[in-house]
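Undergrad: Return atomic coordinates for the entry below.
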Amino acid sequence: MMNRSYHAEDLALSFRLAALALAVSAARLVAGEADASADPEVFRTVLRRPGDDGSKAYRIPGLATTLQGTLLAVFDIRYDGPGDLPADIDVGVMRSTDAGESWGPMQRALNFDKRAPNACGNGVGDPAIFVDRETGAAFIAALWSHGDRGWHGSGPGMKPEETGQLVLTRSTDDGNTWSPPINITAQVKDPAWRLCFQGPGAGIQTKDGTLVFAAQFRDAAGAPHSCFIYSRDHGDTWSISPPAIPGEPPTSEAQLAELADGSLLMTMRNESRAGVRAWARWEWSQPSGDATADDGSRETSAGRWSAPWFIVPDPTCMASLVRHPAGRLLFSNPNSPNKRIALTIRTSVDDGRTWSAGRLLDPRGCMYSCMTVLRDGRIGILYETEGTLTFARFPIDWAAGSDGH
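TA: Numbers count the residues shown, from 1 in each chain. Take a look at the predicted model:
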């Protein structure tokens, strides 16, 4: 059963908009107008194809912009095929120093020895990435799965042999090299939970310097809940928030954006299969005009979630959310309640309460996506389509120009 805050009229409107967008997409396909190269405002290039560097599949995109303007693309290297953990999977990274026009060779930022006994591939994946704008350090968060215990190789407990491990790697040289894995599982996971790890895609840094990754955990009964992890000391120590929706519906992969008043907007994959996104807002306990403690740091744990709401069609898929420095929010996902097709970019000027009908980026089968704001204000996006990881770049006016926002 959906939460009482669910608005049937919003869902009906969203479905009508989705149906209209798909109809327009289909018409363009028939007319030959939806060719990926047809729009001069959108630049595209394929980063990874099946077979590249000996891997059968690549999935789970993340994307960030460094202080030097370098683009860092992260993803799963799924050597044996597209299946999830547990498996032989590493986290790959590629760099671009020219706004995505060209990309350097792939490197492996996280890699555990697949030959370890009883490791079931000893894989690590589902990466999320962000850059600390105060120190310049880049972080990747990922799930390490050692062993075979079912979904993502995880059960209750804290040891690698018992449960999935939430690990980080850090780069202090603009993504050229990465540290050995840093295990933060004990800092954020309840031993009774079956799993605790990041939401794939990108993390954020709030205005007061707090580092935040969207996250998720599976409780003792195995039910998933979206939440976030955060650090106030540039990634040395981490804490975890309460679940955004403690009851129904279950939620999992999420992304966050900071709003103008300092609150956090979270968009969540709705595991009830209702065909619509779940949303909630984290609000600090302090008044928005006085949101700092005596030492100047925000008391991040002192806050509460709003009641959830449900809007924007979604086929139970990871999505991307980013706030442009000019204030507009951007959101990307497959524009359908039940099919992973028609990757669409929407905008919001009212902190996510309403969203535009959207601009179609790719009419084909599309799944996960991750956006970043480039140093010049344009938008970069890395997304999955037809077995590839494709990078696209467009001006923000391209996304907002057709909807009045």
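
Undergrad: Hmm, Ala142 is touching Gly123, no?
TA: No - assessed by Cβ atoms under 8 Å, Ala142 is found out of contact with Gly123, at 9.6 Å. C-beta coordinates here come from the backbone N, C-alpha and C atoms, glycine included.

Undergrad: ok, the helix or strand harbouring Thr390: who's next to it in the sheet?
TA: Using DSSP states H and E, the element containing Thr390 is strand 388-394. When pairs are called by DSSP bridges, strand 388-394 turns out to pair with strand 43-48 (antiparallel), strand 379-385 (antiparallel).

Undergrad: average pLDDT for the shortest one?
TA: Which is strand 43-48. The pLDDT scores in strand 43-48 average 98.

Undergrad: May I have that strand exported as CSV, CA atoms only?
TA: The C-alpha coordinates for strand 43-48 follow below in CSV (Å, rounded to 0.1, in the frame of the first residue of the first chain):
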residue,chain,number,x,y,z
PHE,A,43,27.6,16.0,-28.4
ARG,A,44,27.9,12.2,-28.0
THR,A,45,30.6,9.7,-27.9
VAL,A,46,30.7,6.0,-26.8
LEU,A,47,33.2,5.3,-23.9
ARG,A,48,32.8,1.6,-23.5
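
Undergrad: which residues are in contact with that strand?
TA: Strand 43-48 is contacted by residues 36-37, 58, 73, 75, 92, 94, 100-101, 103, 106, 382, 388-394 when judged by Cβ atoms under 8 Å, 6 or more residues apart in numbering.

Undergrad: buried set for that strand?
TA: By 16 or more other Cβ atoms under 10 Å, the buried positions in strand 43-48 come out as 43-44, 47-48.

Undergrad: Mind picking the two most distant members of the residues you listed?
TA: Phe43 and Arg48 (17.1 Å; Cβ to Cβ).

Undergrad: How about the contacts made by the residue nearest the centre of the chain?
TA: Nearest residue to the geometric centre of the chain (Cα atoms, centre = their mean): Gly201, 2.7 Å. Residues in contact with Gly201 (Cβ under 8 Å, 6+ apart) are 61-62, 128, 214, 253, 255, 318, 320, 368, 370.

Undergrad: Could you pull out the helices in the chain for me?
TA: In the chain, the segments counted as helices under DSSP state H are 8-31, 185-188, 396-400.

Undergrad: what is the rounded mean pLDDT of the last one?
TA: Which is helix 396-400. On average, helix 396-400 scores 94.

Undergrad: With stretch 207-225 instead?
TA: Mean predicted confidence for stretch 207-225 is 97.

Undergrad: what about it, start to end distance?
TA: For stretch 207-225, the first and last residues are 26 Å from each other (Cα to Cα, to the nearest Å).

Undergrad: chain center to that stretch: distance?
TA: 12 Å (Cα atoms, centre = their mean, to the nearest Å).

Undergrad: List the buried residues of stretch 329-344.
TA: Per 16+ other Cβ under 10 Å, stretch 329-344 contains these buried residues: 329-337, 339-344.

Undergrad: swap that for stretch 91-106, sorry
TA: 91-96, 99-100, 103, 106.
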